[in-house]
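**Q** turn this into a structure:
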Amino acid sequence: LDPARREAALVALAVAQHAVVGLDQLRKRGFTARAIQQRAGCCRLHRIYRGVYSLVPRELLTRNGHYMAAVLACGPAPSSPTTQRPNCMACGSTPG
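**A** Predicted structure coming up:
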């Protein structure tokens, strides 16, 4: 993709995911490791978790954005039906 289309694809994805994107998603849209590092260095991407970034600073991320970041941080769903994925939505919650 040319830079303008790559940028548009990033914005469209971020809008659909509450301003949060995963590293694999960035790579699939043509962003190199260097480009991602440069964006993070000049505050165009904000690291939320390892491999998870936001287009807005952490303090401006909505609750749904934080939830989405947690889901992306858990990684892809397992391919085996016998393997369970951790319940990311319960992270940090208290019973009761």
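**Q** list the buried residues in stretch 39-57.
**A** Under the neighbour-count criterion of 16 or more other CB atoms under 10 Å, stretch 39-57 has 39, 45-46, 48-49, 52-55 buried. For the C-beta atoms, the positions are set from N, CA and C on the backbone; glycine is no exception.
**Q** do the same with stretch 63-75
**A** The neighbour-count check on stretch 63-75 (16+ other CB under 10 Å) flags 65-73 as buried.
**Q** select the longest helix from this structure.
**A** Longest helix in the chain by number of residues (criterion: DSSP state H): helix 3-16.
**Q** which residues does that helix contact?
**A** For helix 3-16, the surrounding residues in contact (CB atoms under 8 Å, 6 or more residues apart in numbering) are 1, 20-21, 25-26, 29-31, 54-55.
**Q** please redo it, this time with the cut-off set to 6 Å
**A** 21, 29-30, 55 (CB atoms under 6 Å, 6 or more residues apart in numbering).
**Q** which of those residues are buried?
**A** Among the contacts of helix 3-16, the ones that count as buried by 16+ other CB under 10 Å are 21, 29, 55.
**Q** for Gln17, give me its contacts.
**A** By CB under 6 Å, 6+ apart, the neighbours of Gln17 are Met68.
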